[in-house]
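[1] With the input below, show me the fold.
(one chain, ligands or ions: 1)
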Amino acid sequence: MSKPIYALIDCNNFYCSCERVFNPRLATQPVIVLSNNDGCVVARSEEVKAMGIPMGIPVFKIKELITKYNINVFSSNYALYGDMSRRVQSIVAQAIPHHQIYSIDEIFLRLDDDLDPFESAKKLRARVLQCTGIPTSIGIAHTKTLAKLANLHAKKNLKFEGVCDARSTALLTRLRRQTPVESIWGIGSALTKVCHRYGASTAEALSKLDPASLRKAHNIGLERLIRELGEVACFELETAPAPQKSCAVTRSFSHPVTDKAEMLEAVATYATRAAEKCRENGQVAQAMQVFMHTSPHREEYTWDALCAQMSPPNADTSIFLKTARTLANACWKAGYRYKKAGVILFDLSTHHQGSLNFISYDASKREQTMETLDAINHKYGRNSLFFGAQGINASWRMNREHCSPHSTTVLEEVPIVKAK
Ligand SMILES: [Mg+2]
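    Take a look at the predicted model:
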């Protein structure tokens with residue numbers, strides 16, 4: 001039987017690339033994107049990587065470099081990134097039906113039926129670039145782990161022109177030799193130490209270890225990884241993602257919250273979003289937790305969380321709001337400067353599982369109301385229609401000082417092209 005053929009398509013410096021699509025002036029300039037609340041660097045353009053600015057560094061530590069090198073700084077604009085991701089996904093899905101969306105900017109593919117996987121990958125890459133403006137890299141190999149490894153080299157080594165086909169033994173051996181174990185998919189710092197203990201510092205050395213005895217000494221995960229490096233596929237495409245068991249909506253505040261009304265508004269907003277997420281996935285929640293805490297770096301640190309059973313399990317915004325506000329009220333302690341709060345849902349299940357108590361709850365009527373609410377907000381934009389409990393001013397919202405326009409999701413912010 002012939003070996004399966006996997007590929008991984010990964011958007012290059014995705015968030016930075018999204019910013020560049022709608023601001024071509026940035027094409028050759030250094031760009032960084034910051035995490036929520038403009039805290040740390042979460043995406044860097046190649047120019048910034050070359051300056052040695054590491055991923056995750058707090059932005060205040062590189063203030064001088066930003067001025068010195070004229071680095072363009074953006075707050076994260078997830079509405080834009082999410083929409084661009086959806087566009088990339090739809091182009092890939094049209095071309096390759098057998099795929100697995102792995103993250104916001106990565107998709108695994110199966111190319112077994114393809115007569116020329118390398119050619120198809122090149123075409124796909126060109127099409128994604130043409131239709132979305134997002135540059136990508138593609139790695140091709142006989143296992144997912146190796147496709148990921150090939151992708152790494154497709155990105156780093158310009159000679160590959162964005163597509164690295166690691167199916168030939170000679171090239172594969174060379175790539176494995178050039179890849180340190182810590183860069184392999186699924187190897188974190190703990191496993192890196194294990195590999196080093198066995199004298200394996202590269203993917204090539206690791207692939208030569210005996211998988212069966214490593215399984216005995218460690219676990220099946222390591223065994224599978226070694227086999228995957230040796231071109232024996234152990235990880236299939238997961239085309240239907242496993243349903244989530246929990247869901248969290250949490251945010252840091254732009255300024256310390258000391259007013260209970262503000263806190264209740266924030267928690268209500270998170271609960272509303274959590275309910276929407278549940279409904280998007282056709283799920284109901286069995287339990288809700290609300291938590292809030294002050295800054296752990298200050299003296300009077302306090303953290304509180306309370307949980308409530310949802311009976312019957314549901315995804316109804318008005319019930320979520322009532323529950324969340326009750327929990328938040330009980331968590332709240334006056335005199336503290338709260339930094340963050342959140343709503344976490346547990347034991348999510350699909351509608352048809354679990355027991356519904358229909359006696360006190362007219363589920364179908366409530367579901368209709370929620371459907372209408374979602375339909376209106378889908379058509380006119382998030383929070384066009386919202387519950388009063390969410391508040392109107394929302395001064396506690398995150399800092400997003402450097403946010404780019406929502407060029408693809410808000411009509412007023414769509415770029416205007418003038419023709420002469
Ligand atoms: Mg990427």
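[2] average pLDDT across the helix or strand hosting A147?
    For A147, the element it lies in under DSSP states H and E is helix 144-156. Across helix 144-156, pLDDT averages out at 97.
[3] which outside residues touch stretch 203-223?
    Applying CB atoms under 8 Å, 6 or more residues apart in numbering, the external contacts of stretch 203-223 come out as 149, 173, 175-177, 179-181, 183-184, 186, 191, 194-195, 198-200, 224-227, 229-230. All C-beta atoms are positioned from the backbone trio N, CA, C, and that covers glycine.
[4] contacting residues around C247?
    A274, K277, C278, A285, I344, L345, L348.
[5] Out of the residues you listed, which sit inside strands?
    Here DSSP state E is the test, and the contacts of C247 give A285, I344, L345 as lying in strands.
[6] hang on, isn't the second one packed against Q244?
    No - I344 is not in contact with Q244 according to CB atoms under 8 Å; the separation is 11.7 Å.
[7] Now for I138: which residues touch it?
    Neighbours of I138 in contact, by CB under 8 Å, 6+ apart: A7, L8, I9, D10, A121, L124, R125, N151, A154, G162, V163, C164.
[8] Now for A330, how many residues are close by?
    A330: 11 surrounding residues under other CB atoms under 10 Å.
[9] correction: E236
    12.
[10] for the stretch 1-150 of the chain, what spans make up the strands?
    Taking DSSP state E, counting those that start in this stretch to define them, one finds strands in the stretch 1-150 of the chain at 6-11, 31-34, 41-44, 72-75, 99-103, 106-110, 136-141.
[11] List just the one of these that sits closest to K379.
    Judged by CB to CB, the one of the strands of the stretch 1-150 of the chain that comes nearest to K379 is strand 99-103, at 24.9 Å.
[12] picking up where we left off before, between the contacts of C247, which is nearest the ion?
    Closest approach to the ion among the contacts of C247 (CB to the ion): K277, at 23.7 Å.
[13] looking at it, that closest one is touching S246, isn't it?
    No - using CB under 8 Å, K277 is not in contact with S246; the gap is 10.8 Å.
[14] higher neighbour count, these two?
    K277 (18 against 12).
[15] For Y270, see how far away the more buried one is.
    10 Å (CB to CB, to the nearest Å).
[16] Need the residues touching each of those two.
    With CB under 8 Å, 6+ apart as the test, K277 and Y270 both reach V249.
[17] Can you report how many residues lie near R215?
    With other CB under 10 Å as criterion, R215 counts 16.
[18] Surely it is within a helix?
    Yes - with DSSP: H, G, I helix; E, B strand; the rest coil as the criterion, R215 is assigned to a helix.
[19] Quick check, pLDDT for it.
    90.
[20] can you tell me how far it sits from F386?
    Separation of R215 from F386 (CB to CB) stands at 53 Å.
[21] just A217 next, same as before
    55 Å.
[22] So for those two, which residue has more residues nearby?
    F386 (16 against 13).
[23] you'd agree the more buried one is in a strand?
    No - according to three-state DSSP, F386 belongs to no strand; its state is coil.
[24] Give me the pLDDT for it.
    83.
[25] How about T408?
    Per the predicted model, pLDDT is 86 at T408.
[26] Measure how buried it is and give me the count.
    T408: 19 neighbours (other CB under 10 Å).
[27] And the pLDDT for the residue nearest to it when sequence neighbours are not counted?
    Leaving aside its sequence neighbours, T408 sits nearest to D83 (CB to CB, 6 or more residues apart in numbering; 4.6 Å). Here, the pLDDT recorded for D83 equals 86.
[28] do the same with T28
    pLDDT at T28 comes out at 93.
[29] measure it to L65 for me?
    18 Å.
[30] Same check on K340?
    From K340 to L65 the distance is 28 Å (CB to CB).
[31] Same question for T202.
    33 Å.
[32] With C18 instead?
    23 Å.
[33] Equivalent analysis for I5, please.
    43 Å.
[34] got it, and A389?
    43 Å.
[35] N151 - nearest residue in space that isn't next to it in sequence?
    G139 (3.1 Å).
[36] Which pLDDT value belongs to that neighbour?
    We have a pLDDT of 98 for G139.
[37] What's opposite it in the beta bridge?
    L8, C164 (DSSP bridges).
[38] what's the neighbour count on it?
    Neighbour number of G139 under other CB under 10 Å is 27.
[39] and what of I32?
    Neighbours of I32 (other CB under 10 Å): 27.
[40] ok, now M55?
    Residues within reach of M55, counting by other CB under 10 Å, total 11.
[41] wait, doesn't it sit right on V48?
    No - contact criterion CB under 8 Å: M55 and V48 do not qualify, at 9.9 Å.
[42] Now the common contact residues for these two.
    V41.
[43] Nearest spatial neighbour of V181, chain-adjacent residues omitted?
    For V181, the spatially nearest residue (CB to CB, 6+ apart) is C195, at 4.4 Å.
[44] which element is that neighbour on?
    Assigned by DSSP H and E, C195 falls in helix 189-197.
[45] On the C-terminal side of that helix, identify the next helix or strand.
    That would be, after helix 189-197 and using DSSP H and E, helix 203-207.
[46] Using neighbour counts, pick out the buried residues of that next one.
    Buried residues in helix 203-207, counted by 16 or more other CB atoms under 10 Å: A203, E204, A205, L206, S207.
[47] now this structure, which segments are flagged as low pLDDT?
    The model of the chain has pLDDT under 70 over residues 1, 239-243, 351-362.
[48] how does it look with 50?
    353-359 (pLDDT under 50).
[49] ranges for the helices of it?
    14-21, 46-50, 63-68, 78-95, 117-132, 144-156, 169-178, 189-197, 203-207, 211-217, 220-229, 260-280, 317-331, 363-380 (DSSP state H).
[50] Ok, which of those helices comes nearest W396?
    That would be helix 260-280 among these, by CB to CB, at 5.0 Å.
[51] now the closest one against helix 317-331, angle please.
    Here the directions of helix 260-280 and helix 317-331 differ by 140 degrees (axes from the mean of the first three to the mean of the last three CA atoms, to 10 degrees).
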